[in-house]
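> Here you go, sequence then predicted model.
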Amino acid sequence: MAKGIYVAQDCHVVNILPPVDVTGGKTSQAFHVKDAGHVSIALQIGVSAAAPTGVTLNACTDNAGSNPTAIGFNLHKQETAGASNDVLGVRTPVTAAGFVPTANDDVFYVLEVDADTLPAGSPYLQLDIANGANSVIASAIAILSGLRQGGESNPTATS
């Protein structure tokens, strides 16, 4: 019987958006998936005065987020208010137009992307949260899996 994965060694975790108020919108740190086969992005929304107006995922050419191109992805939602709810919905394909989160507090989403689906020459990803003047607290981490090389310490994915 398999024991599972040891995230710190078998994957690479990137804190792409530390907890922050996304009033006015926020773009995450760009990160590359050159050394991974897949990325899962966990987006958490804590307290929100209203729903963010949209979430998109961009493929970029470098860690500065140059030449962003919105891409489609698969999405799993947990939109029931309350931090104790851990049941994600079924996989839903999302177009490059992105999605609009719920206005509920204490929800999360998991965005899934295979590295081989990124546009040629754009191995970096960057999460973009559009939001108006309403206060919304959010954070996001990227978990890269299917690494070419795993181990005690993985090379950076943000440079």
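Thanks, I have it.
> Please report how far residue 120 lies from residue 67.
Separation of residue 120 from residue 67 (CB to CB, to the nearest Å) stands at 12 Å. Using the backbone N, CA and C atoms, a C-beta is placed for each residue, glycine as well.
> if you count what's nearby, which of the two comes out ahead?
Under the criterion of other CB atoms under 10 Å, the comparison of residue 120 against residue 67 puts residue 67 first, with 14 against 6.
> where do the helices sit along the chain?
7-10 (DSSP state H).
> Check the gap between the residue nearest the centre of the chain and residue 78 for me.
By CA atoms, centre = their mean, the mean C-alpha position of the chain lies nearest to residue 41, the distance being 2.9 Å. For residue 41, the distance to residue 78 (CB to CB) stands at 14 Å.
> same deal with residue 63?
30 Å.
> Please apply the same query to residue 66.
According to CB to CB, residue 66 and residue 78 sit 33 Å apart.
> Please say which of those two ends up with more neighbours.
Higher neighbour count among residue 66 and residue 78: residue 78, with 18 against 12, using other CB under 10 Å.
> Would you check how far apart that one and residue 89 are?
Taken as CB to CB, the span from residue 78 to residue 89 is 7 Å.
> Output the below-cut-off pLDDT ranges for the protein.
1-2, 83, 149-159 (pLDDT under 70).
> At which residues are the strands of it located?
12-21, 26-27, 31-32, 38-48, 54-60, 69-71, 73-78, 92-94, 107-114, 124-130, 136-145 (DSSP state E).
> now, of the ones you listed, which is deepest in the fold?
Highest mean neighbour count among the strands of the chain (mean count of other CB atoms under 10 Å): strand 31-32, with a mean of 24.
> What lies in contact with that one?
14, 16, 63, 123-126, 142, 144, 157-158 (CB atoms under 8 Å, 6 or more residues apart in numbering).
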